[in-house]
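Q: Dropping a prediction and its sequence here:
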Amino acid sequence: MSELIDNSIERKKRLKTLILKLHEGHDEAGVAAELKATLGSIPYGEVVEVEQELIAEGLPEEEVLRLCDMHAAVLDGRIDLSNIRIVPEGHPVDVFRKENAALRKVAEEALAIIESLPTAPDDQLQGLIWKLRSSFNALIDADKHYQRKEYLLFPFLERMGITGPPKVMWGKHDEIRELLKGSLEVLQTEGITMDDLQSVSEMILIPAIRQVVDMTKKEEEILLPMALDHLTEADWYQIEQQTPEFGFCLYDPPVKWVPDWAVEQQKVQSVSHDGRVQLPTGSFSLEELQAILNTLPVDITFVDKHDKVKYFSQSADRIFQRNRAILNRDVRHCHPPASAHIVDKIVEDFRSGRASRAPFWINKGGRFIHIEYFALRNEAGEFLGTLEVSHDLTHYRSLEGEQRILNYSK
């Protein structure tokens, strides 16, 4: 069979035959063994081409989706990545990979919690449920990662005629979303017992975790290497520029990737374009506006009317640390599970008009912190979102008398 190893056409023909055997009901292990014996390893690009050809020849996408995991299992460890292109730090592919690493880490932690259930005493049940809810709150962040593939990467592939694999992968995204959503709903069930938790872990929690991890492999072994071969640097730069609109997943890139040619282009634009934000009572440049928001002695976080985090200020003395992985995330998933119901009530009361302000104050590490949520509405009274403002009042509460003389020390 050595002729197959060096002949792309014959190799793809053989791979297609083996995949069709899966669809005809042949045993997965048997097909995997046959693939190992006859093909050895397969270049990542050929796997995509075969899947695309099968769909073009009439194999329903639903059928490919149904056996997608079986395809992956048969190919596991058999995909040749030796020709994959190298990308710099901050490149969209680098960000996708780092996010995958973060997802796998959370998945491992969640599985470790589930594995501890059979020997855990009943009095630890609530704590274990909260830990699992926290893990699944993190895993559901994969939605942003998937949306960036669906709305930023897949359109480029489709323009190049690569339509089948993106559709199949999008279908897998939706399956994973449903599993994660269902897992969180189960973990919020009142009165769940330890036995119940072990049962639902087998039924939905573990499958959800495995699907998330399997998707990271599909991306890193097939989708991303193939996309690197097809997209230009300009294409990737377009994706990079639009990425913050969707948000990052459990990872905030410390480095912004900008191609050398784009750096020069930005210099020209900054000289020729004013770019001021005009308001009824004045205007700012974007640079001035950013400086103002970051200089205010409060932490600001804005959540839009769809309950997605859209902005946070970056003052040097932030009380509650934030990173860009929080952007576009559902605000309910940004708080500890034990307080999620409070966040939910505030948002719903603001949206319905039942309330417009919700103040809290806490002691944190010897500091007195005031936190207040404000409903944002337009002139017509329509709900625009929620503004969270946190202020360290420790110093202000200690003030006495007056200061009328300039003194920079206070």
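A: Ah, there it is. Numbering: from 1, shown residues only.

Q: Looks like residue 336 contacts residue 134 (just checking).
A: Yes: between residue 336 and residue 134 there is a contact at 6.9 Å, judged by Cβ atoms under 8 Å. Heads up, the C-betas are built off the backbone N, CA and C, glycines and all.

Q: ok, those two, which is more surrounded?
A: More crowded of residue 336 and residue 134, by other Cβ atoms under 10 Å: residue 134, with 21 against 11.

Q: Pull out the buried positions in the helix or strand harbouring the more buried one.
A: Using DSSP states H and E, residue 134 sits within helix 125-139. For helix 125-139, a neighbour-count test (16 or more other Cβ atoms under 10 Å) marks 125, 128-129, 131-139 as buried.

Q: Which strands or helices does the strand or helix carrying residue 228 pack on?
A: Applying DSSP H and E as the criterion places residue 228 in helix 224-230. Helices and strands touching helix 224-230, by 3 or more Cβ pairs under 8 Å, 6 or more residues apart in numbering; DSSP states H and E, are helix 44-56, helix 92-116, helix 154-159.

Q: Lowest average pLDDT across those?
A: Least confident of the helices and strands packed on helix 224-230, judged by mean pLDDT, is helix 44-56 with a mean of 78.

Q: pull the CA atoms of the very next helix or strand once past it into CSV?
A: Downstream of helix 44-56, the first helix or strand assigned by DSSP H and E is helix 61-66. Taking Å, rounded to 0.1, in the frame of the first residue of the first chain, the C-alpha atoms of helix 61-66 are listed here in CSV:
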residue,chain,number,x,y,z
GLU,A,61,-24.6,17.4,5.3
GLU,A,62,-26.9,16.1,8.1
GLU,A,63,-25.4,12.6,7.6
VAL,A,64,-21.8,14.0,7.8
LEU,A,65,-22.8,15.9,10.9
ARG,A,66,-24.3,12.8,12.4
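
Q: any idea of the mean pLDDT for helix 61-66?
A: Per-residue scores along helix 61-66 average to 70.

Q: what's the distance between it and the middle of its chain?
A: Taking Cα atoms, centre = their mean, to the nearest Å, one finds the center of helix 61-66 at 25 Å from the center of the full chain.

Q: Grab the nearest non-local neighbour of residue 354.
A: residue 348 (8.0 Å; Cβ to Cβ, 6 or more residues apart in numbering).

Q: re the thing from before, show me what the helix holding residue 134 is packed up against.
A: helix 92-116, helix 164-187, helix 194-200, helix 206-218.

Q: what's the angle from that helix to helix 206-218?
A: 30 degrees (axes from the mean of the first three to the mean of the last three Cα atoms, to 10 degrees).

Q: what does helix 125-139 contact?
A: Outside of helix 125-139, the residues within contact range by Cβ atoms under 8 Å, 6 or more residues apart in numbering are 103, 106-107, 109-110, 113-114, 116-117, 120, 180, 183-184, 187-188, 192-194, 197, 205, 208-209, 212, 250, 333, 336-338, 340.

Q: Report the next helix or strand after it in sequence order.
A: helix 142-148.

Q: Show me what counts as buried in that following helix.
A: 142-148.

Q: Which of these sits closest to residue 388?
A: Using Cβ to Cβ, residue 144 comes nearest to residue 388 of these, at 19.9 Å.
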